[in-house]
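S.K.: For reference, the sequence and a predicted model appear below.
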Amino acid sequence: LWVTMSAHMTSSSIVRATHTSHQPANRVLRLSRLTGSVVRIPLESGCPCLLTAADASYLLSCIECTPDLLLSEL
């Protein structure tokens, strides 16, 4: 929305209209100008998965059979 608004408004006008602060608005507008996108690409997307599909399936079946198990009992 801010990027679309920036075609017709100044960043100060956008901040007033959207009731936000200058820092995030300016950061988004600058990122849009520099990269053409406002989505940052993370260095890593989440934590590495430690469970295999078979492990996850086993845990799900345990929970389905005994839903009152504690995490420590799995």
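M.R.: Looks like it arrived, so ask away. Just so it is clear, the model here is predicted, and its values are computed rather than measured.
S.K.: My understanding was that residue 5 contacts residue 14; is that so?
M.R.: Yes. Contact criterion CB atoms under 8 Å: residue 5 and residue 14 qualify, at 5.0 Å. Bear in mind the C-beta positions are built from the backbone N, C-alpha and C, glycine included.
S.K.: ok, those two, which is more surrounded?
M.R.: Using other CB atoms under 10 Å as the criterion, residue 5 and residue 14 rank with residue 14 on top: 22 against 16.
S.K.: which residues does that one contact?
M.R.: Applying CB atoms under 8 Å, 6 or more residues apart in numbering to residue 14 gives the contacts 2, 5, 6, 25, 29.
S.K.: Tell me the secondary structure at it.
M.R.: With DSSP: H, G, I helix; E, B strand; the rest coil as the basis, residue 14 sits in helix.
S.K.: roughly how far apart are it and residue 26?
M.R.: In this view, residue 14 and residue 26 are 9 Å apart by CB to CB, to the nearest Å.
S.K.: what's around residue 28, how many residues?
M.R.: Counted with other CB under 10 Å, residues neighbouring residue 28 total 18.
S.K.: Am I right that it is in contact with residue 3?
M.R.: Yes. With contacts counted by CB under 8 Å, residue 28 reaches residue 3, the gap being 7.0 Å.
S.K.: which neighbours do the two share?
M.R.: Counting by CB under 8 Å, 6+ apart, the shared contacts of residue 28 and residue 3 are residue 38.
S.K.: picking up where we left off before, please identify every residue contacting each of residue 14 and residue 26.
M.R.: With CB under 8 Å, 6+ apart as the test, residue 14 and residue 26 reach no residue in common.
S.K.: now residue 65: how far from residue 24?
M.R.: Distance check for residue 65 against residue 24: by CB to CB, it reads 47 Å.
S.K.: the more surrounded of the two?
M.R.: Between residue 65 and residue 24, counted using other CB under 10 Å, the more crowded position is residue 24 (12 against 8).
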